[in-house]
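Undergrad: The following block contains a protein sequence and its predicted model.
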Amino acid sequence: MKHISASIITIGDELLIGQVIDTNSAWLAQELNKTGVWLEQKTSVGDDETQILKGLQDAEKSSDIIILTGGLGPTKDDLTKDILNKYFNGKLVLNEDALRNVEAIFKQYNRPLLEVNYNQALVPDVCKVLLNDRGTAPGMLFEKNGKLFFSLPGVPHEMKAMFERSVLPEIKSHFKLSPVEHRTLITVGIGESFLAERIKDFEANLPQNIKLAYLPATRMVRLRLTEHISSNNSLIDEKFSELQNLLPDVMVANEDISVSAAIGKLLLQKNRTISTAESCTGGYLAHLFTSVAGASQYFYGSIVSYTNDVKANVLGVQKSTLDEFTAVSEQTVKEMVWNVREKMNTDYALATTGIFGPGGGTDETPVGTVWIAVANNQIIKTQKLNLSYTRERNNEATTIAVFTLLKQFMDEGN
């Protein structure tokens, strides 16, 4: 079966200069993929007629579905509707349904309807109007040579609602879709090349319609299996089970979730609680834990002891330890992790202390030196990291290393 393909064009100067991050194309790509549409390309263009036209022409050559977002507002820099009107040789006409929608929104907020807002109800006569119940700009659907062209607002919550209510039903009614299935495994504590070596035979023997992708990040790698299902004989679950059996020691999750969410699930399964004592990570570990809904079932709290005074007076690290061994030492991180576990009365505790840079290092303790620790009520396990990234990446690397250390600690039966 031929794969149905799509192109996404996001429009706006603010996207090109980085003032606004393009989240629309990422969301659309995920939703299209779920329904079996293969994404051919994603393009961002400015508020410029030449760029928009070129994007349309290129997308039409390669894709069955073209989705544009942005440029439908009431101001002069919103060019999309006029350009599409020219592209499909239409003329602008008043759409009564769109006008009623605009009038209702302005009445709701007790504001006068301006001419520029009235003009939003003018649409090409060659399109099907997609009503926008969350904003004033209607969407549009054009059809040409069996291809569908959708123009949607750039405001994310408007675009998402319109896609789910109007775009998906149109796509499903026009095309016979071959579903795509994904399975994702998250590994930590092993590099991409070493991972590839361990599973090279598995990868070489995958069926032709199942592909394996490596998605590396700082100190972690996601492995994604993708199957284009053309019959009832799907093999992806069988192959995913084989993959998990090959990597039990480095696998932290068998679903596409964050590492912190995966660690949270392990804590819930073991009915264990945890706390953190953080210096160099500055509360980032606590942030990652609490970014997961339901974290209060296992995460009790954190002491961010960024200075030696707080380490000594709040966390209870001995002043003699700090004086003799410094804050960035195995001795200090041991006291940090032990004391916070006792103060928070948790089953486990994590601790970090180090120098992320770019300044602050010494000959004895250069930038990138980090000590991490995990403890229960009997055992403390430590690890020294020697990092060489930027400050931000050092923080990310440290938190993944801490989560890895905790998983290993739990796997050992502690």
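TA: Arrived safely, thanks for sending.

Undergrad: so what's residue 305 scoring on pLDDT?
TA: Looking at residue 305, its pLDDT is 98.

Undergrad: Enumerate every residue touching it.
TA: Shown in contact with residue 305 (C-beta atoms under 8 Å, 6 or more residues apart in numbering): 277-279, 311, 314-315, 317, 336. Using the backbone N, CA and C atoms, a C-beta is placed for each residue, glycine as well.

Undergrad: With respect to residue 210, which of these is nearest?
TA: Comparing those against residue 210 with C-beta to C-beta places residue 278 closest, at 41.6 Å.

Undergrad: just to revisit the earlier point, from the contacts of residue 305, which land in strands?
TA: Counting by DSSP state E, these place 277-278 in strands.

Undergrad: What about the contacts of residue 305, which one has the most neighbours?
TA: Using other C-beta atoms under 10 Å as the neighbour test, the contacts of residue 305 are led by residue 277, with 32 neighbours.

Undergrad: that older thread, nearest to residue 166, out of the contacts of residue 305: which one, please.
TA: Nearest to residue 166 among the contacts of residue 305 is residue 278, at 46.9 Å by C-beta to C-beta.

Undergrad: For the stretch 251-400 of the chain, just list every one of the helices.
TA: Counting by DSSP state H, counting those that start in this stretch, the stretch 251-400 of the chain has these helices, from start to end: 259-270, 284-290, 308-313, 319-325, 330-344, 391-411.

Undergrad: Touching the second one from outside, list them.
TA: Looking back up the chat, that one is helix 284-290. With contacts defined as C-beta under 8 Å, 6+ apart, helix 284-290 is touched by 258-260, 263-264, 274, 276, 278, 295, 299, 301-302, 304, 350, 352, 395, 399, 402.

Undergrad: and if we set it to 10 Å?
TA: 258-261, 263-264, 267, 274-278, 281, 283, 295-296, 298-304, 350-352, 372, 395-396, 398-400, 402-403 (C-beta atoms under 10 Å, 6 or more residues apart in numbering).

Undergrad: Report the buried members of those residues.
TA: Among these, those scoring as buried are 259-261, 263-264, 267, 274-278, 281, 295, 298-300, 302-304, 350-352, 372, 395-396, 398-400, 402-403 (criterion: 16 or more other C-beta atoms under 10 Å).

Undergrad: I'd like to know how many residues surround the spatially closest residue to residue 148 that is not a sequence neighbour.
TA: Closest residue to residue 148 apart from its sequence neighbours, by C-beta to C-beta, 6 or more residues apart in numbering: residue 65 at 5.1 Å. Counted by other C-beta under 10 Å, the residues lying close to residue 65 total 24.

Undergrad: contacting residues for residue 65?
TA: 4-8, 32, 37-40, 59, 147-150, 167, 170-171, 174-175.

Undergrad: Go again with 7 Å.
TA: Applying C-beta atoms under 7 Å, 6 or more residues apart in numbering to residue 65 gives the contacts 4, 6, 37, 148, 171.

Undergrad: and if you look at residue 78?
TA: Taking C-beta under 7 Å, 6+ apart, one finds 71-72 in contact with residue 78.

Undergrad: Could you grab the helix/strand/coil label for it?
TA: coil (DSSP: H, G, I helix; E, B strand; the rest coil).

Undergrad: change the start of the numbering to 246 and stick with it
TA: All set: I'll call the first residue 246, so the last point we hit is now residue 323.

Undergrad: Quick check: it vs residue 397, distance?
TA: 13 Å (C-beta to C-beta, to the nearest Å).

Undergrad: Residue 515 too?
TA: Distance from residue 515 to residue 397, counting by C-beta to C-beta: 45 Å.

Undergrad: higher neighbour count, those two?
TA: residue 397 (28 against 12).

Undergrad: Tell me the pLDDT of that one.
TA: For residue 397, the predicted pLDDT is 97.

Undergrad: if I pick it, what's in contact with it?
TA: By C-beta under 7 Å, 6+ apart, the neighbours of residue 397 are 312-314, 384, 404, 407-408.

Undergrad: Same question for residue 422.
TA: Applying C-beta under 7 Å, 6+ apart, the residues near residue 422 are 249, 280-282.

Undergrad: one step back: what is the nearest of the contacts of residue 550 to residue 457?
TA: The closest of those, once distances to residue 457 are taken by C-beta to C-beta, is residue 523, at 36.2 Å.

Undergrad: these two touch, right, that closest one and residue 597?
TA: Yes: judged on C-beta atoms under 7 Å, residue 523 makes contact with residue 597 at a distance of 5.3 Å.

Undergrad: mind listing the helices for the stretch 346-495 of the chain?
TA: Using DSSP H, counting those that start in this stretch, helices in the stretch 346-495 of the chain cover 360-363, 401-407, 413-419, 437-443, 445-449, 481-491.

Undergrad: With respect to burial, which of those scores highest?
TA: Highest mean neighbour count among these (mean count of other C-beta atoms under 10 Å): helix 401-407, with a mean of 18.

Undergrad: quick one, domains of the chain?
TA: Here the domain assignment for the chain is 249-419, 425-498, 504-656, based on automatic domain parsing.

Undergrad: mind checking how far the second one is from the chain centre?
TA: A distance of 19 Å separates the C-alpha centroid of domain 425-498 from that of its chain, computed with C-alpha atoms, centre = their mean, to the nearest Å.

Undergrad: repeat for the last one
TA: Centroid displacement of domain 504-656 relative to its chain, using C-alpha atoms, centre = their mean, is 24 Å.
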